[in-house]
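Enquirer: Below is the sequence, then the predicted model.
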Amino acid sequence: MPNPIHANLQKVRDGKRTFAITPRIPGGFLTPDTMVKIAEVARKYKGTLKITSGQRVIILGIKAEDVAPAWTDLGMDPGVLSSYSVKNIEMCPASFCKRMKQNSLKVGMRLEKRYYGRPAPNRVKIAVVGCLNACSSAHGKDIAVLADAEGYIVRVGGSAGYHPRLPDEIASGLTEEEVLRMVDAVFDYYSDTAEMGEKLGLFIDRIGLETFKQNVKEYYGKGKE
């Protein structure tokens, strides 16, 4: 039996294959009714719930034949459409936090709607935070939008995991509309130019930061959609 779609194969134990499914939860915010629905589906298919580092709830231990009906019962989009797409946009609580310098939740939700599942040369993680405390591990993301009293800051190329890399700052003092355009410019230039399978940070290292910044500036100036 082929692996079911929108499910990750877990460790095979005694020849038994189980899968994990992760519904889309924009910004990590969900209603009590949605939380109850996820719990009911997990109970029905004998799954285990876990809070992920990507601000979602994953259901572990689902049998292959139960994956499709579980998605039907959930009635939700999958959190990740492809390994070569925008994986998720993580957000800090922003307007709920006393440290907030800008109400970045609005920017984060606009970017989430704009970029959910967008194809890319490799997986792309984006973080949006309301101050320089950089909660949600913003500096480990491919694109990080941070905020200070002067406006928004964009840093790019961050990565954790096997090849950790701190991001490079390419813009600051941006308004809400300007930061949306800047993320578009970064993403579009990367998608148009990088090699398939190349992470954003590795792409920047290969071509050089100044070349990257200059070409992103040209994309930003054109307002490329």
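Expert: In hand now; what should we look at?
Enquirer: C-alpha from now on. contacts and neighbour counts both.
Expert: Will do.
Enquirer: who's in contact with the residue nearest to Y190 when sequence neighbours are not counted?
Expert: Taking C-alpha to C-alpha, 6 or more residues apart in numbering as the measure, Y190 lies nearest to L200, with 6.9 Å between them; neighbours along the chain are not counted. Going by C-alpha atoms under 8 Å, 6 or more residues apart in numbering, L200 touches N122, V124, D142, V156, G157, Y190, A194.
Enquirer: Contact partners for the residue positioned nearest the centre of the chain?
Expert: The centre of the chain sits closest to N88, judged by C-alpha atoms, centre = their mean, with a distance of 1.9 Å. With contact taken as C-alpha under 8 Å, 6+ apart, N88 is in contact with G54, G79, V80, E112, Y116, V124, K125, I126.
Enquirer: cutoff 10 Å now
Expert: With contact taken as C-alpha atoms under 10 Å, 6 or more residues apart in numbering, N88 is in contact with 24-27, 54-56, 79-81, 111-112, 115-117, 123-127.
Enquirer: Pairing partners for T18 in the sheet, please.
Expert: Each beta-bridge partner of T18 is listed here, defined by DSSP bridges: K63.
Enquirer: This protein: helices as residue ranges?
Expert: Under the criterion DSSP state H, helices of the chain are mapped to 32-44, 64-74, 104-115, 176-193, 200-207, 209-222.
Enquirer: Quick check: which of those helices is nearest to V12?
Expert: helix 64-74 (12.2 Å; C-alpha to C-alpha).
Enquirer: Report the rounded mean pLDDT for the closest one.
Expert: Helix 64-74 shows a mean pLDDT of 96 in the predicted model.
Enquirer: And for stretch 109-123?
Expert: What stretch 109-123 shows for mean pLDDT is 96.
Enquirer: Show the end-to-end separation of that stretch, please.
Expert: 19 Å (C-alpha to C-alpha, to the nearest Å).
Enquirer: For that stretch, buried residues please.
Expert: Taking 16 or more other C-alpha atoms under 10 Å as the basis for neighbour counts, the residues of stretch 109-123 that come out buried are M109, L111, E112, Y115, Y116, G117, R118, P119, A120, P121, N122, R123.
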